[in-house]
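**Q** Pasting a predicted model and its sequence here:
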Amino acid sequence: MTSSDIPMVLEIDLLSFPNPWPKNAYEYEIHQNPNSRPWIGSILDGGNEMICSFAVFWNIIDETHIGTIAVHPDYRNNGIGTKFLRELLSISKKEGMVRALLEVRESNLQAIKMYKKFGFEVDGIRKKYYRDNGENALLLSTSLITNT
């Protein structure tokens, strides 16, 4: 991800989450956070390269924390999210990470189903984690040694 990608990332973020990140958060992740791994995924659509997904991973010691990941609604349900996540977890493993973790809304069954394909398991619950509606977040993690 580069600064020039941020407008499209913000559009996908807004379409995907009730509490999208602000522009300055992405600028920080790109330019100031040494632990950050900001990514975009793109496809050819009508001959034009289009950003269809984005993610921000944080590598801390030997764990990668998935801070955010989304696919544009127009490109969902065709395997892009699975392919994108597989590639990013593979990169994390190559960078020496041994575990991946994240939080996900309890109601986001589609995302939970995808994460389970990668061996993610529920480690706990963050009660009333999401400020927009007080929904709980499931804490998920997986080994990058055995599950990627």
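**A** Happy to help now that I have it.

**Q** Report the separation between the most centrally placed residue in the chain and Lys117.
**A** Residue closest to the average C-alpha location in the chain (Cα atoms, centre = their mean): Ile69, at 2.1 Å. For Ile69, the distance to Lys117 equals 14 Å [Cβ to Cβ, to the nearest Å]. C-beta coordinates here come from the backbone N, C-alpha and C atoms, glycine included.

**Q** go on, Ala25?
**A** Ala25 sits at a distance of 28 Å from Lys117 (criterion: Cβ to Cβ).

**Q** low pLDDT regions in this structure?
**A** For the chain, the stretches flagged by pLDDT under 70 are 148.

**Q** Check which helices and strands the longest helix seen in the chain is in contact with.
**A** Secondary structure of the chain per DSSP state H: the longest helix is helix 80-94. Applying 3 or more Cβ pairs under 8 Å, 6 or more residues apart in numbering; DSSP states H and E, one finds that helix 80-94 contacts strand 36-45, strand 48-60, strand 63-71, helix 109-117.

**Q** Give me the distance from the helix or strand following it to the chain's centre.
**A** Later in the chain than helix 80-94, the nearest helix or strand by DSSP states H and E is strand 99-105. Between the centre of strand 99-105 and the centre of its chain there are 9 Å (Cα atoms, centre = their mean, to the nearest Å).

**Q** what sits up against strand 99-105?
**A** 62-67, 69, 89, 92, 111-112, 115, 118, 120, 123, 126, 129-130, 135-144 (Cβ atoms under 8 Å, 6 or more residues apart in numbering).

**Q** Sort out which of these are buried, if you could.
**A** By neighbour count, with 16 or more other Cβ atoms under 10 Å, these hold 64-67, 69, 89, 92, 111-112, 115, 118, 120, 129-130, 135, 137-142, 144 as buried.

**Q** hang on, the earlier thing: most tightly surrounded among the helices and strands packed on helix 80-94?
**A** Neighbour counts (mean count of other Cβ atoms under 10 Å) averaged over each of those peak at strand 63-71, with a mean of 21.
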